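J.: Provided below for reference: sequence and predicted model.
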Amino acid sequence: MAESENVFLRAKHRTFSGLTEDVEHEWTGPFYFIQAADPQLGLMKAWRDGDCDGGGDEWAEEVELTKQAVEAVNQLRPRPRFMVLCGDLVHAMPDTQFREGQERDLKAALSGTDPSIPLVFVSGNHDLGNTPKPSTVDQYCSAWGDDYFSFWVGGVFCLVLNSQLFYDASACLQLKEAQEAWMEEQLSRFSWPSTVPRPKHILVFQHIPLYLKSPDEDDDYFNLQKEVRQNLLDKFKKAGVMAVFSGHYHRNAGGLHGGLDMVVSSAIGCQLGTDAHGVRAVVVTADRVVHRYHSLERLRSGGVDEDLRALLQGDGPRAV
């Protein structure tokens, strides 16, 4: 396989081929990864034109921003263990005219990622359709890999979920049921008592946040419905999930409630608030998961913040 193709190792059979070696089950010390979201090629012009349901006929801006993100991540030392893109890879919905071109150009922009930094892809509503169908899920899986899967990295167990099946699975109920059964099995593996060694942490990646600020907030386009949200919160907390990482909001948000950190990261692409185009650096230590959003310019000029890098040496401050 050519080096430029290594970053596109796809998740198949519900596992990610880039980080499945047995050695990854063992904790070997602090590490970090990069969380990104919503490159969403085509949205910036569509948003300016006020035609987000259509539009999307230009995406050079997002391509350039994605290349800037790749450049910034490539120069980081030490290198991150992986970079995860939390959905809405492109703006064009399935079976629309700009879809093929946007996917092609996003892959070209991401192909410059250093092969030592695997890319983990998460499905978003624009990747699957607001009401996904088996055919649109199949299209996504063919282009980017499984829509939900698990992987280990450095003693940490990670779940990638298809949040659109939580939001509206009215056209694919069997797919929803299959993911829920799979998720239950994955989360129950480490319940006490268990013969399986428990991971140092459990992390979840999905596109739509459980909530933006509080578990009790009203239903919104940008969060999951209350009943669904509470069901997932109960399951995640019972299993010991430490953090859920998402995008979708195109702004930074989230909060820590009941020991679970809901992390909502703004976009590489179109900003709907006052945040800069950027990504999030996430440091994983033996007892904590510490993260901070960095603008692309800040990351390119200075790398990951010094206090976060210090945590990788085990001598960082207790709170950042």
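T.: Received the coordinates, thanks.
J.: wouldn't residue 40 be in contact with residue 85 here?
T.: No. Taking contacts as CB atoms under 8 Å, residue 40 lies outside contact range of residue 85: 10.3 Å. C-beta here means a position set from N, CA and C on the backbone, and glycine is covered the same way.
J.: Just give the number of residues close to residue 97.
T.: Neighbours of residue 97 under the rule other CB atoms under 10 Å: 10.
J.: which of residue 40 and residue 85 has more neighbours?
T.: Neighbour count, other CB under 10 Å: between residue 40 and residue 85, residue 40 has more, with 30 against 27.
J.: so what's the backbone phi/psi at that one?
T.: Phi and psi for residue 40, reported as degrees, to the nearest 10, are phi 40, psi 60.
J.: swap in the one 5 residues further on?
T.: Geometry field for residue 45 lists phi and psi as phi -70, psi -40, criterion degrees, to the nearest 10.
J.: swap in residue 144?
T.: With angles defined as degrees, to the nearest 10, residue 144 sits at phi -130, psi -10.
J.: Residue 290 too?
T.: phi -120, psi 130.
J.: roughly how far apart are it and residue 251?
T.: The gap separating residue 290 from residue 251 is 21 Å, by CB to CB, to the nearest Å.
J.: The two: who's more crowded?
T.: Ranked by neighbour count (other CB under 10 Å), residue 290 and residue 251 place residue 290 first, with 20 against 17.
J.: For that one, name its beta-bridge partners.
T.: As for beta bridges, residue 290 partners with residue 283 under DSSP bridges.
J.: Please tell me I have it right and it contacts residue 310.
T.: No. Shown here, residue 290 and residue 310 do not form a contact pair, counting by CB under 8 Å, at 10.5 Å.
J.: who's in contact with residue 172?
T.: Applying CB atoms under 8 Å, 6 or more residues apart in numbering, we find residue 172 in contact with 132-134, 137, 165.
J.: Now do the same for it: its pLDDT.
T.: For residue 172, the model assigns a pLDDT of 98.
J.: Please report how far the residue nearest the centre of the chain lies from residue 123.
T.: The C-alpha lying nearest the average C-alpha coordinate of the chain belongs to residue 86 (CA atoms, centre = their mean; 2.7 Å). Going from residue 86 to residue 123 by CB to CB gives 9 Å.
J.: tell me, what's touching the two both at once?
T.: Here residue 86 and residue 123 share the contacting residues residue 207, scored by CB under 8 Å, 6+ apart.
J.: tell me the helices in this structure, going along the chain?
T.: 3-6, 43-49, 60-74, 99-110, 125-128, 134-144, 164-167, 173-188, 226-239, 296-302, 306-312 (DSSP state H).
J.: Lowest average pLDDT across those?
T.: Ranked by mean pLDDT, the helices of the chain bottom out at helix 3-6, with a mean of 51.
J.: re earlier: bridging residues for the residue nearest to the centre of the chain?
T.: Residue 86 forms beta bridges with residue 122, as assigned by DSSP bridges.
J.: so how far is residue 287 from it?
T.: In this structure, residue 86 and residue 287 are 24 Å apart, going by CB to CB.
J.: Same question for residue 261.
T.: Distance of residue 261 to residue 287, given as CB to CB: 13 Å.
J.: Can you give me the end-to-end span of stretch 272-291?
T.: The straight-line separation of the ends of stretch 272-291 (CA to CA, to the nearest Å) is 21 Å.
J.: go on, stretch 79-92?
T.: Counting by CA to CA, you get 32 Å between the two ends of stretch 79-92.
J.: cool, stretch 130-137 as well?
T.: Length of stretch 130-137, first residue to last, CA to CA: 11 Å.
J.: Kindly report the same for stretch 252-264.
T.: The first and last residues of stretch 252-264 sit 5 Å apart, counting by CA to CA.
J.: same question, stretch 188-205
T.: The first and final residues of stretch 188-205 sit 18 Å from each other (CA to CA).
J.: contact partners of it?
T.: With CB under 8 Å, 6+ apart as the test, stretch 188-205 has contacts from 25, 27, 35, 84, 86, 120, 122, 152, 154-161, 187, 236, 238-246, 284, 286, 289.
J.: Just the buried residues out of the residues you listed, in ChimeraX syntax.
T.: A single ChimeraX command selects the buried members of the contacts of stretch 188-205 (16 or more other CB atoms under 10 Å):
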select :25,27,35,84,86,120,122,152,154,155,156,157,158,159,160,161,187,236,239,240,241,242,243,244,245,246,284,289
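J.: Number of residues surrounding the residue lying closest to residue 12 once chain neighbours are set aside?
T.: Distances taken as CB to CB, 6 or more residues apart in numbering put residue 146 closest to residue 12, at 6.1 Å, once the chain neighbours are dropped. For residue 146, the count of nearby residues is 20 (other CB under 10 Å).
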